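Colleague: Output the structure for:
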Amino acid sequence: AKTSASVSVETKTAQLSDVMSFCRPVVGVSDMASTYDRKGGNADWWHFPAPCDGKELYEAVHLKGPGCVTRIWQTNVQATEWLFYFDGETEPRLRFKPEDLFTQDVRFIPLQGGASGGAYSYLPLPYAKSLRVVFRMPNRRPDERPYFHINYEQYPSRTCVVSWPKRYDGMTSNVVMQCNKEWRQTRETMKQAVKSEDWNKRVLEPEQNCVFFTAEGEGTITTLRIRLDFERADAYIRSLILHTLVLEAYWDGSKQASIQVPLGDFFCNGLHPREFSSMTMAYVDGVYVCRLPMPFRKGARLLIRND
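Modeller: Predicted structure coming up:
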């Protein structure tokens, strides 16, 4: 008998735009197949295996299921086709040209696209039994240096996984399109989250801390907003503020902090204030926002410490 958990293109795509999925129990474990120097050096490019067809097909990874590929990143992979073989099939169920897998089609941005010299795809690829990722490289040069990451999840053996469908139907397409729509709107979503006139202002002296949130019983923190006074600070002081203010969070009466990290690092601004927005974290209009759900059973206490 299979477990009740069900994984499909629809369920995995829906999770990408559902921040509450971060506080639900994880079904399996995450792993990554990547190019890196197996000898510990800096030769991190892919060292080609022998072609699996004796000519031009090179297997990047062979994953055993049940599982799901959650992210692909690559740079300098000079393949004419990416082939995906599901569940032991001898013919690829999916065939992508690079421009299709890492598309610039506005319908699929930002779920797929390119940034900083690399290309990425967050399109989920679930597989019930196995998945082989194969490159077609008919004109491979001996001096090529391709790089890639293939992130995937492995599930317990009885997990019900519906492999990528043989026909890309309307329901699957609608879920992907809706996810892309919500990802494109992340900045506006975060701008709405920072609108508030009810700011609790504190002056935090050196080597002091202030508790800015307490709660008893059970609940979930859904949005955390912090505005730092950078108005009279130069670049060095702004960086110093991000490093020396430390966020701590305690759950359920514990004396041990579950979160203990400089504010800059927590809000993905480790070096200096930099505007960005994502489904879960942002720095927009001078406000740091975290929408990662933080559930607690018996109470919560959040403080900022000035080191």
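Colleague: Could I get the full set of strands for the stretch 151-300 of the chain?
Modeller: For the stretch 151-300 of the chain, the strands defined by DSSP state E, counting those that start in this stretch occupy 160-161, 209-216, 219-221, 224-226, 245-251, 259-262, 276-277, 281-284, 287-290, 294-296, 299-306.
Colleague: so what's the nearest residue to residue 257 once chain neighbours are set aside bridging to?
Modeller: Ranked by C-beta to C-beta, 6 or more residues apart in numbering and with sequence neighbours excluded, the top spatial neighbour of residue 257 is residue 248, at 4.5 Å. In this view, the C-beta of every residue, glycine as well, is placed from N, C-alpha and C. Counting by DSSP bridges, residue 248 is bridged to residue 260, residue 303.
Colleague: OK, contacts around residue 248?
Modeller: Residues counted as contacts of residue 248 (C-beta atoms under 8 Å, 6 or more residues apart in numbering) are 209, 257, 259-260, 302-305.
Colleague: ok, now how distant is it from residue 77?
Modeller: Taking C-beta to C-beta, to the nearest Å as the criterion, residue 248 is separated from residue 77 by 43 Å.
Colleague: circling back: tabulate the strands of the stretch 151-300 of the chain (JSON lines), appending distance to residue 270 and mean pLDDT.
Modeller: Putting the strands of the stretch 151-300 of the chain into JSON lines (distance: least, C-beta to C-beta, whole Å; pLDDT from 0 to 100) gives the following:
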{"stretch": "strand 160-161", "distance to residue 270": "37", "mean pLDDT": "95"}
{"stretch": "strand 209-216", "distance to residue 270": "21", "mean pLDDT": "95"}
{"stretch": "strand 219-221", "distance to residue 270": "22", "mean pLDDT": "95"}
{"stretch": "strand 224-226", "distance to residue 270": "15", "mean pLDDT": "94"}
{"stretch": "strand 245-251", "distance to residue 270": "13", "mean pLDDT": "98"}
{"stretch": "strand 259-262", "distance to residue 270": "7", "mean pLDDT": "98"}
{"stretch": "strand 276-277", "distance to residue 270": "12", "mean pLDDT": "92"}
{"stretch": "strand 281-284", "distance to residue 270": "12", "mean pLDDT": "94"}
{"stretch": "strand 287-290", "distance to residue 270": "12", "mean pLDDT": "94"}
{"stretch": "strand 294-296", "distance to residue 270": "21", "mean pLDDT": "94"}
{"stretch": "strand 299-306", "distance to residue 270": "17", "mean pLDDT": "97"}
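Colleague: quick one: which of the ones you listed is nearest residue 22?
Modeller: With C-beta to C-beta, the closest approach to residue 22 among the strands of the stretch 151-300 of the chain belongs to strand 294-296: 9.3 Å.
Colleague: Give the other helices and strands that that closest one contacts.
Modeller: For strand 294-296, the packing partners by 3 or more C-beta pairs under 8 Å, 6 or more residues apart in numbering; DSSP states H and E come out as strand 219-221, strand 245-251.
Colleague: Could you say which of those strands is packed most deeply?
Modeller: Stretch with highest mean neighbour count among the helices and strands packed on strand 294-296: strand 245-251 (a mean of 20; mean count of other C-beta atoms under 10 Å).
Colleague: Pull the number of nearby residues for the closest residue to residue 166 other than its chain neighbours.
Modeller: Nearest in space to residue 166, with sequence neighbours left out and distances taken as C-beta to C-beta, 6+ apart, is residue 93 at 6.2 Å. Other residues near residue 93 number 17, with proximity taken as other C-beta atoms under 10 Å.
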